[in-house]
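J.: Need coordinates for the following:
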Amino acid sequence: MLMSRLVRRLLPKLVPKLVPKLVQGVRRSIPRTAMVWLLAGIVALAADAVAARPVVSDVQLATETEGRVVRFIVDEPMDFRLFTLASPLRLVLDMPAIDWRPPQSQLERVARQSAAVRAVRRGNFRGETERIVFDLKNPMKIVQAALQPHGTKFALTIRWQDAASYQAQRFGDFREVPIPLPRPTRASPVEQPLIVLDPGHGGVDPGAVGRRGTHEKTVTLAMAKRLEKALLATGRFRVALTRRDDRFLPLRERTRIARRLGARLFVSLHADSALNPDARGLSVYSLSDKASDREAAALAKQENQADTLAGFSLADEQPDVVSILIDLAQRETKNRSVRFANQLVQTMVLRVPLLERPHRHAGFAVLKSPDIPAVLVELGFLSHPDEERLLLSDKHRSAIADGIVAAIANFFATDLQSALQSGGDASR
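T.: Coordinates of the predicted model:
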């Protein structure tokens, strides 16, 4: 195991130096076929060493005298970070990128069998960090968080007890590598990107209606204005809204506005509703020609029908241009939309509750611009009474706005870095 870790750490550094010398040294004395096989073996060994990650093979839940215990069984030592958060109550575990082997049901069992845990979710966070978030029903006190020998493997053990009130706690030394945000100098020709925010519904189309009578169109407009203020405060972006008051806009007109203004990113804001009274959490949609599941398809159909509410018909609109160039442009745009949607989910994990499988795909009309990356954010469920109250809360709206701003900053920072490294145009 120790040798494996040493090889994994050192080989990627040695191969670039070793291979040229090996080729020079053996070219005259080893047949070409043998040399090819030798080099192939070195490359394969290097690839295996780079690809190897700590393996989580099992998740165990138990009750002991000191309280409830959850153990993650791993094949080698690794760093970790465990901390608690409030509003809502959460326990967050960060680890390096891992090879996760247990079925998802084992992790979900922790929520089902623990009186303190409401739900649990796992996902990749910022590339090289694996994040597990426990949504808590009540405050808890972490009694122990440690990596210990466990037979021939190791156990990352988390032991907790019920607590009367919330207390911030932090364990472990793991640190993820932050994405740097380059600031263009005065001489930089890069123009501030324009972000178009699209408050969903409006006018005669109220959208979803909450149990307390809250209209979706009101929530989305308030959220768009809060987000606009937060984006402008960074000094990095220009912002435009498709509507600033209670008016109806056809869906195609919303994307036309973005294209006419030369938007670099389009963010449509909505609030969800569901027959299931327990459904709650923020979700992010990117475009799919075919909705990824029945819920997404039904939601897309519901939103797309909004064009008929004020006498507008999608059948009267100009049809999508079908050509090779447009197809290629749209494929690139869809890929960038997916990248932004993933970044947005990652920044939201610690800020607000998320829907199960928070990144989804659907055929929303507002996502179909062939050349502007676009996502549709469902801010939460107005059909859930607690979430309806949250969506009317300034604190909750600020948390959502902060998460979206962070995701947008990361999205364009990545674009700018790539353009500067390649010598390309960072304004595209």
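J.: Output the below-cut-off pLDDT ranges for this protein.
T.: Along the chain, the parts satisfying pLDDT under 70 run over 1-52, 66, 125-127, 176-190, 289-330, 416-428.
J.: Residue nearest the middle of it, spatially speaking?
T.: In the chain, the residue lying closest to the centroid (CA atoms, centre = their mean) is residue 345, at 2.4 Å.
J.: Just confirm it is within a helix.
T.: Yes. Counting by DSSP: H, G, I helix; E, B strand; the rest coil, residue 345 is found in a helix.
J.: so it makes contact with residue 358?
T.: Yes. The pair residue 345 / residue 358 is scored as a contact, 4.9 Å apart, by CB atoms under 8 Å. Using the backbone N, CA and C atoms, a C-beta is placed for each residue, glycine as well.
J.: State the distance from the residue nearest to the centre of the chain to residue 367.
T.: Separation of residue 345 from residue 367 (CB to CB, to the nearest Å): 16 Å.
J.: Mutual contacts of residue 345 and residue 358, please.
T.: residue 284 (CB atoms under 8 Å, 6 or more residues apart in numbering).
J.: in the lengthiest helix in the chain, what's buried?
T.: Longest helix in the chain by number of residues, with DSSP state H as the criterion: helix 394-422. Residues of helix 394-422 classed as buried: 396-397, 399-416 (neighbour count, 16 or more other CB atoms under 10 Å).
J.: Also stretch 136-143?
T.: Buried positions in stretch 136-143, judged by neighbour count with 16+ other CB under 10 Å: 136, 140, 141, 142.
J.: go on, stretch 257-272?
T.: 257, 258, 263, 264, 265, 266, 267, 268, 269, 270, 271, 272.
J.: can you check stretch 142-153 too?
T.: Buried residues in stretch 142-153, counted by 16+ other CB under 10 Å: 142, 145, 147, 150.
J.: C-alpha coordinates for it, PDB please?
T.: The C-alpha coordinates for stretch 142-153 follow below in PDB (Å, rounded to 0.1, in the frame of the first residue of the first chain):
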ATOM      1  CA  ILE A 142     -19.800  15.700  17.000                       C
ATOM      2  CA  VAL A 143     -18.100  13.500  19.600                       C
ATOM      3  CA  GLN A 144     -15.400  12.100  17.400                       C
ATOM      4  CA  ALA A 145     -14.100  12.500  13.800                       C
ATOM      5  CA  ALA A 146     -11.000  10.400  13.000                       C
ATOM      6  CA  LEU A 147      -9.400   8.100  10.500                       C
ATOM      7  CA  GLN A 148      -8.400   4.800  12.300                       C
ATOM      8  CA  PRO A 149      -7.000   1.400  11.300                       C
ATOM      9  CA  HIS A 150      -9.800  -1.100  10.600                       C
ATOM     10  CA  GLY A 151      -8.500  -4.500   9.900                       C
ATOM     11  CA  THR A 152      -6.500  -4.400   6.700                       C
ATOM     12  CA  LYS A 153      -8.100  -1.100   5.800                       C
END
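J.: Relative to residue 362, how far out is residue 174?
T.: Per CB to CB, residue 174 is found 35 Å from residue 362.
J.: show me what contacts the residue nearest to the centre of the chain?
T.: 123, 284, 354, 358, 359.
J.: Over to the closest residue to residue 281 other than its chain neighbours. Which of the three states is it?
T.: Spatial nearest neighbour of residue 281, chain neighbours left out: residue 355 (3.6 Å); criterion: CB to CB, 6 or more residues apart in numbering. Under three-state DSSP, residue 355 falls in the strand class.
J.: Tell me where the stretch 251-400 of the chain has strands.
T.: With DSSP state E, counting those that start in this stretch as the criterion, the stretch 251-400 of the chain has strands at 265-272, 282-287, 354-362, 374-381.
J.: Between helix 394-422 and the last one, find me the angle.
T.: Our comparison of strand 374-381 with helix 394-422, counting by axes from the mean of the first three to the mean of the last three CA atoms, to 10 degrees, yields an angle of 160 degrees.
J.: Tell me the buried residues in strand 374-381?
T.: Buried residues in strand 374-381 (16+ other CB under 10 Å): 374, 375, 376, 377, 378, 379, 380, 381.
J.: go on, the second one?
T.: Residues of strand 282-287 classed as buried under the neighbour-count rule (16+ other CB under 10 Å) are 282, 283, 284, 285, 286, 287.
J.: okay, those in CSV with distance to residue 79 next?
T.: Formatted as CSV, these follow (distance: CB to CB, whole Å):
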residue, distance to residue 79
282, 29
283, 31
284, 29
285, 34
286, 32
287, 37
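J.: Now flag whichever of the residues you listed is closest to residue 350.
T.: Using CB to CB, residue 282 is the member of those that lies nearest residue 350, at 12.2 Å.
J.: how much space between that closest one and residue 204?
T.: Residue 282 is 27 Å from residue 204, where distance means CB to CB.
J.: And for residue 239, the neighbour number?
T.: 20 (other CB atoms under 10 Å).
J.: Correct me if wrong: it contacts residue 192.
T.: No. Using CB under 8 Å, residue 239 is not in contact with residue 192, being 9.7 Å away.
J.: Thanks a lot, catch you later.
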